[in-house]
Each structure stands twice: as structure tokens, then as C-alpha cells.
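Asker: How does the following fold in three dimensions:
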Amino acid sequence: MSDEGKRRAQSTYNAAADHFDDAALGFWDRYGHATVERLELYRGATVLDVCAGAGGSALPAAMRVAPTGRVLAVDLADNLLALTRRKAERAGLSSVLSTRCADVDTLEESDGRFDAVIVVFGLFFFPDMTASTARLWRLVAPGGKLAVTTWGPRLFEPAISTFWAEVSALRPELNRAYQPWDSLTDPAKLRRLLRDAGVHDAEIVAIDDTSPLRAAEDFWTIVLGSGYRATHDALTPLEHRDRDQRDLRHRRLGRRPGGLMSTDLREDGLCPMRCGTASGCTSRKSAVASPSWSSCLGGAATLPSTRPRSNASQGRTS
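Answerer: Purely as a prediction, here's the structure:
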């Protein structure tokens, strides 16, 4: 990752940490648990969690490998890692789970070091996804597994379309016609990436799911606790105030002070956001499945694929 890209990611997700664990963003933990469930981790295993965020997958992994196993959670945002450390301490897992603020592409770990490598909603941030995936695959021990979960199409719809329309009305240059995960929004794209990275015969599952928003405020919270935080913070106080005034006139966006958006609610107060997801895991040369359930988000992920062992290798399968 370039120095500028690293700086932007650190800044955005360090800021988003103040909302990362809010109830409206419960999908981080839900998808993290679902991915770990598919890995079938065992006591004593060593696990690397890349783009670990606030511990959505690192913590359930630590619970499974404790007390003799180890989990290393790596992320660029130390504010998120601080949340992970506090949760690990409360759960009595500090001796099992450690964190490292680092760029994965320069992570100094030997090949074959981990029984499992996990990447939940992070692979698409790497400038060269093929090279980064190949690197992560090399870190998996013979008989170990690589698990990847990524978004599918229609992520955060219908609210996200309203969000970008409102942003465009204020600052057209901030509108993003393309999102990082767009290149991995269906199983075929994900399979192609894995194959090009040397991961063959991965099992991939696509899942379509919805997650209701109880109020317009929920989507605003998602914006503040995710990568969309960068767009929010790029707007000036005057632009936020102008947006508020338009919201009240048109009665279509949330009425949060300083707030920009939400989406029209149904009569029952629910705002369903549809998504398509594919999830999966790849373990060094054998494959299993690890679906993700998207709430208001689309996701795609590989299933745990197991790395084949040579006659001389001593790795374990889970």
C-alpha cells in the first residue's frame, strides 16, 4: 500500500473507531463470527487476522484456540486495535490475542507460520490484490486455511444511493462512482483473484440477505463508523448545515444535527437494505465454505480452503 493510501486508511478508520461498535454496525461482529465458524479452528492453533478492525473475527478466533493457541490481529488503525485489546482483556484473552499496527504487505512473518489466515472485508483495500493474496496464502501452513470474506453487489442499498446523491449535490468531486470492493462483487471475480494468486479449487458461496434499520439514525451511524467516514469528514460545517436545511424541507433525510442522510422509512419504521454476498474460506489447497450474512450490505467471500500438504510437511488440518 502506498504511503498516501496508508495515511488515508489510518485516518479514516481511526476516526471511525468511535462508532465502530455501535449497534447499527453489528455486521462487523456477525460476519466475523460466521467466517470463523467455517474455519473449524482447534485449540492451540496459530491465527493471523488481517485488516482485523475492532476484533470482529479475531476475538471469536481467540476463543476457539485458547488457552494454548495464539491470534495476531493486524490493522493500520490503532484506535480499532485498542478496542480489540480492551475486549480481549475483558474476555480474559489477553494472553491469546495480540495486536500489531502494521501494513500487511510488509508484515515480517515467515512463510507457513499460521494454521489459519483470516481477511474479513479488507482484501479489496490492497492496491495489488493478487500479490497480497498470494502473500497471505504463503503464510498459511500446510494443512492450514485461508478465509476471505468480501462484499457483494447492492451494498447498503437503498440508503447508499441517497447518500451519494446528497453528497453530489454539495460536493460533486467527493462522489465515488467506484468502490474498492466493486472488483470482487460476485463469486466469479473472487474465484479469478484466488486462482491468479495460486489458490485453486476454493469453494465460494454467494448469500443474499437484508438487515432492517430501525430508524434513519442507524444509517447515519453506519456512515460514521465505516469507510464512508472520510466523505463525512471532508464536508465543511457550512455544508453540513446546508444539508440539514434541505433535509427538513424535503423530509427525506435524517434530522440529526450536523447530519446528512438516511433513507425513507416504511410505515413500520423499518428500512430494509438489500445485499448480495458471497463468502468463503480457502485453506491451503483444499476448500470449505464460509458464508457471510450481510445486513444492509452486500458481501462476497471465499470459503475456507485447505492448503495441501506435501509428504514431508508436518502441518495440521482443522
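
Asker: my read: residue 191 touches residue 202, true?
Answerer: Yes. Between residue 191 and residue 202 there is a contact at 6.5 Å, judged by Cβ atoms under 8 Å. Where C-beta positions appear, they are placed from N, C-alpha and C, glycine not excepted.

Asker: Have a look at these two and say which one is more surrounded.
Answerer: residue 202 (28 against 20; other Cβ atoms under 10 Å).

Asker: wait, doesn't that one sit right on residue 196?
Answerer: No. The pair residue 202 / residue 196 is not scored as a contact, 11.8 Å apart, by Cβ under 8 Å.

Asker: Check which helix or strand residue 167 maps to.
Answerer: helix 159-170 (DSSP states H and E).

Asker: For that helix, name the packing helices and strands.
Answerer: Using 3 or more Cβ pairs under 8 Å, 6 or more residues apart in numbering; DSSP states H and E, the elements in contact with helix 159-170 are helix 216-224, helix 237-250.

Asker: Let's check: the centremost residue of the chain is which one?
Answerer: Geometric centre of the chain, nearest residue: residue 121, 2.4 Å, by Cα atoms, centre = their mean.

Asker: gap between that residue and residue 151?
Answerer: 7 Å (Cβ to Cβ, to the nearest Å).

Asker: Give me the pLDDT for residue 28.
Answerer: On pLDDT, residue 28 comes in at 93.

Asker: What about the nearest residue to it once chain neighbours are set aside, how many residues nearby?
Answerer: With sequence-adjacent residues excluded and distances taken as Cβ to Cβ, 6 or more residues apart in numbering, residue 28 is closest to residue 56, at 4.1 Å. Using other Cβ under 10 Å, residue 56 has 31 neighbouring residues.

Asker: Surely residue 56 is in contact with residue 29?
Answerer: Yes. Contact between residue 56 and residue 29 holds when scored by Cβ under 8 Å: they sit 4.7 Å apart.

Asker: okay, and the common contacts of these two?
Answerer: The contact sets of residue 56 and residue 29 do not overlap (Cβ atoms under 8 Å, 6 or more residues apart in numbering).

Asker: can you pull out the helices in the protein?
Answerer: Applying DSSP state H to the chain gives helices spanning 3-16, 27-39, 58-65, 78-90, 129-139, 159-170, 187-196, 216-224, 229-234, 237-250.

Asker: which of the ones you listed is buried the deepest?
Answerer: Across the helices of the chain, the average number of neighbours (mean count of other Cβ atoms under 10 Å) peaks for helix 58-65, which reaches a mean of 26.

Asker: What is that helix packed up against?
Answerer: Here helix 58-65 touches helix 27-39, strand 46-50, strand 70-75, helix 78-90, strand 97-101, strand 114-120, going by 3+ Cβ pairs under 8 Å, 6+ apart.

Asker: so what pLDDT did residue 195 get?
Answerer: pLDDT, residue 195: 94.

Asker: Quickly note the distance from it to residue 124.
Answerer: Using Cβ to Cβ, residue 195 is found at 17 Å from residue 124.

Asker: quick one: low-confidence parts of the stretch 151-300 of the chain?
Answerer: Applying pLDDT under 70 to the stretch 151-300 of the chain flags the ranges 177-178, 209-211, 238-300.

Asker: doesn't residue 116 make contact with residue 145?
Answerer: Yes. With contacts counted by Cβ under 8 Å, residue 145 reaches residue 116, the gap being 4.9 Å.
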